[in-house]
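Chemist: Just to be clear, the model below is a prediction. Sequence and coordinates:
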Amino acid sequence: MKEKKDITTIEDIRLLVNAFYGSVRAHELLGPIFDGVIRDRWPEHLEKMYRFWQTVLLETHTYFGSPFPPHAQLPVAQEHFDVWLRLWHQTIDEFFSGGIADEAKWRSNKMAVMFLSKITYYRDSGAIPLV
């Protein structure tokens, strides 16, 4: 069995993001939501995700933006985030092991809680998030 390495390079981030979104797109619950929003802009979306996770995990500041606003109006609930997290964790475990891999899981858990909380707030209140 091949020993897994930690997430340490942009190439690792690309592998993680590409494999993860391949699983997302193939998933019967998540795929239609992502494809419906992203449509033919997958290359652009993946590039943005490479920069986001590079900034978050490798502390190389290449992402500039606000990650929440594009998600504010998505038709999602807890079950969607549960699947998203399961696929993310499975993808990490398939390819990586180590402190940064563990941090990627921890950060995704925190992000899922925050995003669902904010989506629910905006959906229930009718407020509009700042861009």
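Modeler: Yes, it's here. Numbers count the residues shown, from 1 in each chain.
Chemist: chain center to the lengthiest helix in the chain: distance?
Modeler: Using DSSP state H, we find that the single longest helix of the chain is helix 99-125. For helix 99-125, the separation from the chain centroid amounts to 9 Å (computed by C-alpha atoms, centre = their mean, to the nearest Å).
Chemist: and it, what does it pack onto?
Modeler: Here helix 99-125 touches helix 42-58, helix 78-95, going by 3 or more C-beta pairs under 8 Å, 6 or more residues apart in numbering; DSSP states H and E. For every residue, glycine as well, the C-beta is placed using N, CA and C.
Chemist: could you check the angle helix 99-125 makes with the last one?
Modeler: In other words, helix 78-95. Going by axes from the mean of the first three to the mean of the last three C-alpha atoms, to 10 degrees, helix 78-95 is angled at 170 degrees with respect to helix 99-125.
Chemist: got the CA positions of helix 78-95 in CSV?
Modeler: Provided in CSV are the C-alpha atoms of helix 78-95 (Å, rounded to 0.1, in the frame of the first residue of the first chain):
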residue,chain,number,x,y,z
GLN,A,78,-28.5,20.0,6.1
GLU,A,79,-28.6,16.8,3.9
HIS,A,80,-26.7,18.6,1.1
PHE,A,81,-24.0,19.7,3.5
ASP,A,82,-23.8,16.2,5.0
VAL,A,83,-23.2,14.8,1.5
TRP,A,84,-20.7,17.6,0.6
LEU,A,85,-18.7,16.9,3.8
ARG,A,86,-18.7,13.1,3.3
LEU,A,87,-17.4,13.5,-0.3
TRP,A,88,-14.8,16.1,0.8
HIS,A,89,-13.6,13.9,3.6
GLN,A,90,-13.6,10.7,1.4
THR,A,91,-11.5,12.6,-1.2
ILE,A,92,-9.0,13.8,1.3
ASP,A,93,-8.7,10.3,2.8
GLU,A,94,-8.3,8.7,-0.6
PHE,A,95,-5.2,10.8,-1.5
